[in-house]
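A.B. asks: Quick one, structure for this:
(one chain, ligands or ions: 1)
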Amino acid sequence: MSESSVSGVRGMSVAAAFAGMRSVAPVVFKAGCPDCRGSFELTAGALRLAIGATSRSTFYSFTCPDCGAAVRKPAGERIVELLTGGGVRTLRLHTP
Ligand SMILES: [Zn+2]
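C.D. replies: From the prediction side, this is the model:
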């Protein structure tokens, strides 16, 4: 990587430069398994977010890499923001 290769992005902030390259940034989410009590880091592709009509029916799910259990956890507003911002697949359960 030489400096001349980035001469086309003059004045652009790092955040702006990466805004359109979401898949390049390796975002990981820390998660824990209630079954085997394992704790691990998951990439956005390993997580699923389901948004229901209320916060009670909004949750995220993943498969435990240690024991294979299907884990489902409630997702609050901040978690939803974090996951969607990290590129996690989102499923909307309610229809308007
Ligand atoms: Zn587990």
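
A.B. asks: All the strands of the chain, residue numbers only.
C.D. replies: Along the chain, the segments classed as strands by DSSP state E run 28-32, 39-43, 47-51, 59-63, 70-74, 89-92.

A.B. asks: Make CSV from these and add mean neighbour count to it.
C.D. replies: No exception for glycine: its C-beta is placed from N, CA and C like everyone else's. Shown next, in CSV, are the strands of the chain (neighbours: other C-beta atoms under 10 Å):
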stretch, mean neighbour count
strand 28-32, 14
strand 39-43, 14
strand 47-51, 19
strand 59-63, 18
strand 70-74, 12
strand 89-92, 12
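
A.B. asks: how about low-confidence regions in this structure?
C.D. replies: Across the chain, the ranges flagged by pLDDT under 70 are 1-26, 95-96.

A.B. asks: coming back round to it: right, and the strands of the chain - which one's nearest the ion?
C.D. replies: The ion lies closest to strand 70-74 among the strands of the chain, at 7.2 Å (C-beta to the ion).
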